[in-house]
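> Pasting a predicted model and its sequence here:
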Amino acid sequence: MNRRSLLGLALAGSLTAALTACGGGEDPLAATDTSTGAATDTAAVIVGSANFPESELLAEMYAQVLEKSGVEVQRKFNIGAREVYLKALQDGSIDLLPEYNGALLAALSDGGAPEGVSAPEDVLGALKEVLPEGTEVLEQSAAEDKDTLSVTAETASKYSLKTIEDLAPVAGELVCGAGPEFQERYQGLVGLKELYGVQFKEFRPLDAGGPLTVGALADGTIQVGNIFSTDSAITTNGFVVLEDTKQLFLAENILPLIRSEKNTPEITEALDGLSAKLTTENLTKFLAQVQVDKKSSAAVATAFLTELGLA
């Protein structure tokens, strides 16, 4: 997919250079707690995140539920790309971070995710087979940040669209917009034609769930857009997400990735409890407070966990 496929791009230069580029000159993996400035305590669980708002919000929730359970925590957020944070996980610079089952499976598998593996449990099973030695994943949540085909409420009403299947008889009248790679990949136009019989009038190469696609959908330049499921633009613009009834798009369930030697029954219980209550809907609601309202991840995480009864 993909916002997180951006995290999987190859990095030029050294580890330090990559970290400096994403951290305003500060190395998130330096041996200090980024929340307190204190020296790293190796007894603590070091929670990391990738460098986008959703990952930081989830990591902050992980940190807070662990602290409530009496686990000592240190934070090292905004680390950067997947290559960087997986290396940090394996060398012990961090112990735990939120991940996405499908994106992680694709990143760890030669040639990407196996064809035909898209449902959450299938993806999880395949992922467990390719995890780096010394790491494990805990229970996955129902919350996903995955590819969607979205339309405006006006388009949904005009063509009676509720599912991707509903597009088949009318797609020849519609323009689809997405990142350029969407045109060539199975989880894109290829799979839409093969699995759903959907062929659009035209494809516009824009960006992967970004402002170009959102803007083109909102102003009618395109009628169908590839937008990610927790993007606040869906709510703020009143877009309608078409149900992927045949599971074309790879599952992207959120789950904790942790170093096995740092896991304990207390940690598993705390994080599994959080995952059991995470949904795409409630994550989208609170992520908008970070992305749109510009509130801090720490404050939003506290409010989120309070609403879930976990604070």
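Good, I have the coordinates. Every value quoted in this text rests on a predicted model; they were computed, and no experiment measured them. Numbering: from 1, shown residues only.

> Could you use CA atoms for every contact and neighbour count after this?
Noted.

> now the helices for the stretch 51-200 of the chain?
53-68, 82-91, 101-108, 120-130, 153-159, 191 (DSSP state H, counting those that start in this stretch).

> Serialize those helices to JSON lines and add fields for mean neighbour count.
Listed next are those as JSON lines, based on neighbours: other CA atoms under 10 Å:
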{"stretch": "helix 53-68", "mean neighbour count": "22"}
{"stretch": "helix 82-91", "mean neighbour count": "18"}
{"stretch": "helix 101-108", "mean neighbour count": "24"}
{"stretch": "helix 120-130", "mean neighbour count": "17"}
{"stretch": "helix 153-159", "mean neighbour count": "14"}
{"stretch": "helix 191", "mean neighbour count": "18"}
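
> So which of those is nearest S275?
helix 53-68 (9.6 Å; CA to CA).

> Dump the closest one to PDB, keeping only the CA atoms.
What follows is helix 53-68, C-alpha atoms only, in PDB (Å, rounded to 0.1, in the frame of the first residue of the first chain):
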ATOM      1  CA  PRO A  53       1.100  11.100  13.100                       C
ATOM      2  CA  GLU A  54      -0.900   7.900  13.400                       C
ATOM      3  CA  SER A  55       2.200   5.900  14.300                       C
ATOM      4  CA  GLU A  56       3.100   8.400  17.000                       C
ATOM      5  CA  LEU A  57      -0.400   8.400  18.400                       C
ATOM      6  CA  LEU A  58      -0.600   4.600  18.600                       C
ATOM      7  CA  ALA A  59       2.900   4.500  20.200                       C
ATOM      8  CA  GLU A  60       1.800   7.000  22.800                       C
ATOM      9  CA  MET A  61      -1.200   4.900  23.600                       C
ATOM     10  CA  TYR A  62       1.000   1.800  24.000                       C
ATOM     11  CA  ALA A  63       3.300   3.800  26.300                       C
ATOM     12  CA  GLN A  64       0.400   5.000  28.500                       C
ATOM     13  CA  VAL A  65      -1.400   1.700  28.900                       C
ATOM     14  CA  LEU A  66       1.900   0.100  29.900                       C
ATOM     15  CA  GLU A  67       2.600   2.800  32.400                       C
ATOM     16  CA  LYS A  68      -0.800   2.300  33.900                       C
END
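
> and it, what does it pack onto?
strand 45-48, strand 73-76, strand 96-100, helix 265-277, helix 280-291, helix 297-307 (3 or more CA pairs under 8 Å, 6 or more residues apart in numbering; DSSP states H and E).
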